[in-house]
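K.L.:
Sequence first, predicted coordinates after that:
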Amino acid sequence: MSNDTTCLIVFLNGTSSSGKTTIAGELAERLPDFEYLAIDAYWQRDERLAGQLQQNNTEGILSAATDVVYAFHRSIASRTAAGRSTIVDHVLDNPAFAEGCGTTLEPYKVLLVGVYCPLDVAESRERERGDRIPGTARYLFPLVHESKTYDVTVDTSVLSPSQCAGQIAYAVDRKLYADRTSAEKFGVR
């Protein structure tokens, strides 16, 4: 499956406001040798995307956002190739992004984690946070898990972030990532 025998990518995928970032924080405490990478940080620091958003240029926003996503995937691969294990916080709602991610991460070991919660819970969290565009969770909800084959799933409406992180850390310790390529896990056909 992989040409790297020491590094692992723990890839958290779920809708906006599902609890990925909170789980990642708990997981980082349990796996201190893992580096944390979040797509949100890439969105926030991309100057081209910020400029297109200020101009309200729809075509420019889509182009810049696409570039950010693919750069994020390459960054994950680069860090893994350099010998770093990572915890990744991402939302793969677009089949092309999922395919690109699966292909880019193909050479590496990936523990693909599905982070679930009911839509009403995600929407409630979205409202409470106040820093999300209303309706984002509803838009992403039917798309984010489509065609993915997870090694581990957690439901943040039933388990605490600490319990979710515990289940994921257990899977890391026990090497419970399936012997499928990342491309297969991400739904690449």
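P.N.:
Structure's in. What do you need?

K.L.:
if I look at the residue of the chain most remote from its centre, how far off is residue 133?
P.N.:
For the chain, the residue at maximal distance from the C-alpha centroid (C-alpha atoms, centre = their mean) is residue 55, at 28.1 Å. Applying C-beta to C-beta, to the nearest Å, the value for residue 55 to residue 133 is 18 Å. The C-beta positions use only the backbone N, C-alpha and C, and glycine is treated the same way.

K.L.:
now do residue 22
P.N.:
Taking C-beta to C-beta as the measure, residue 22 falls 19 Å from residue 133.

K.L.:
Which one's more surrounded, those two?
P.N.:
Each of residue 22 and residue 133 had its neighbours counted (other C-beta atoms under 10 Å), and the higher figure belongs to residue 22 (18 against 9).

K.L.:
After the worst-scoring helix or strand of the chain on mean pLDDT, which helix or strand is next?
P.N.:
Using mean pLDDT, DSSP states H and E, the weakest-scoring helix or strand in the chain turns out to be helix 47-55, at a mean of 70. As assigned by DSSP states H and E, the chain's next helix or strand after helix 47-55 is helix 58-81.

K.L.:
same for the next helix or strand after that next one, what does it pack against?
P.N.:
With elements assigned by DSSP H and E, the helix or strand that comes after helix 58-81 is strand 85-90. On a contact count with 3 or more C-beta pairs under 8 Å, 6 or more residues apart in numbering; DSSP states H and E, strand 85-90 meets strand 8-14, helix 20-30, strand 34-38, helix 39-45, helix 58-81.
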